[in-house]
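what's the 3D shape of this:
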Amino acid sequence: MSFDSRPQSGGELPVYIYNADQRLGNWRVKVRELWQYRYLLRNMVVRDLKARYKNSILGILWSILNPLFLMVVFTVLFSVMANNQIRDYPIFVLAGLIPWNFFSGSLTSGTTSIIGNSTLVKKVYFPRELLPASTLLSNLVNFAFAFLVLIVFLYIFGIGLTRHALWVIPILATQLIFTFGLTLLLGSLSVFYRDVLMILEVVILAWFFMTPVFYSL
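Model (predicted):
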């Protein structure tokens, strides 16, 4: 870490000012520093999961029940009432809802991660990127539980898994990088412009209906 110390008059302790600009040009230093603080990232992820399901009877089961309830709603609306001809529509919509919930949840919580931890940011130094990263990973845990349920439903409906399921790995990696980049951008902007979160809520809603989650491409 590089700090500049400015001695204070009257025998006061020096104030240490962190110069972030010195490290912007070397991304390897940033990655190495994030790895050094991996223990803090792990604790933040555990903290986010505990805070999310605090005083909840079902706890982390909500990560499974939420997409299931939405699956039932969309199945009734678009398969029964609208007479949708999509084969195995409950599986179709569940396969779209699970990654969408992961994306929207990560983006929303990541945008407010820096503001929500402002007291921690002001007290001690650590890589600020850990805050949106922790929200991303905690939502990834919820995604993993919901994805297991999707696999179970695939076999219940007689579909199962084929070698094409391996595409999940590069697609999920792409989504992780894309979502993390957006949370870094929006999280930084929200520090200066609190309107970002209000605008994001509208964008997320519009994005959902413009994306083939519950209808075919």
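
buried residues in stretch 65-72?
Neighbour-count burial for stretch 65-72, with 16 or more other C-beta atoms under 10 Å as criterion, is recorded at 66-68, 70-71. No exception for glycine: its C-beta is placed from N, CA and C like everyone else's.

typo on my end, it should be stretch 116-131
Neighbour counts using 16+ other C-beta under 10 Å place 116-117, 126-131 of stretch 116-131 among the buried residues.

show me the buried residues of stretch 65-72 that map onto helices.
Residues of the buried residues of stretch 65-72 located in helices (DSSP state H): 66-68, 70-71.

now distance to residue 42 and pLDDT too, for the residues you listed, in JSON lines please.
As requested, those are exported to JSON lines (distance: C-beta to C-beta, whole Å; pLDDT from 0 to 100):
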{"residue": "66", "distance to residue 42": "25", "pLDDT": "71"}
{"residue": "67", "distance to residue 42": "26", "pLDDT": "77"}
{"residue": "68", "distance to residue 42": "29", "pLDDT": "78"}
{"residue": "70", "distance to residue 42": "30", "pLDDT": "78"}
{"residue": "71", "distance to residue 42": "32", "pLDDT": "78"}
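
in this structure residue 89 contacts residue 76, no?
No - counting by C-beta atoms under 8 Å, residue 89 sits too far from residue 76 to count as a contact (10.2 Å).

sticking with the residue lying closest to residue 179 once chain neighbours are set aside, tell me its helix or strand.
Excluding the flanking residues, the one nearest residue 179 by C-beta to C-beta, 6 or more residues apart in numbering is residue 106, at 5.0 Å. Taking DSSP states H and E as the criterion, the element that holds residue 106 is helix 89-111.

quick one: distance of that helix to the chain centre.
Relative to its parent chain, helix 89-111 has a centroid offset of 10 Å by C-alpha atoms, centre = their mean, to the nearest Å.

and the pLDDT at residue 97?
On pLDDT, residue 97 comes in at 90.

let me see the contact set for the residue nearest in space to the middle of the chain.
Compute the mean C-alpha point of the chain, and by C-alpha atoms, centre = their mean the closest residue is residue 106, 2.0 Å away. Contact partners of residue 106, counting by C-beta atoms under 8 Å, 6 or more residues apart in numbering, are 135-136, 139-140, 179, 183.

same thing but 6 Å
136, 139, 179 (C-beta atoms under 6 Å, 6 or more residues apart in numbering).

tell me which stretches of this protein form strands.
3-6, 15-18 (DSSP state E).

lowest average confidence across those strands, which one?
Averaging pLDDT over each of the strands of the chain puts strand 3-6 lowest, since it has a mean of 44.

low-scoring pLDDT stretches of this protein, where are they?
1-27, 52-63, 79-84 (pLDDT under 70).

show me which helix runs longest in it.
helix 130-156.

and that helix, what does it pack onto?
helix 38-52, helix 62-75, helix 89-111, helix 113-116, helix 168-192 (3 or more C-beta pairs under 6 Å, 6 or more residues apart in numbering; DSSP states H and E).

of all those, which lies closest to residue 159?
helix 89-111 (6.4 Å; C-beta to C-beta).

now the angle from the closest one to helix 62-75?
Relative orientation of helix 89-111 versus helix 62-75 (axes from the mean of the first three to the mean of the last three C-alpha atoms, to 10 degrees): 130 degrees.

before I go, just wanted to say thanks for your time.
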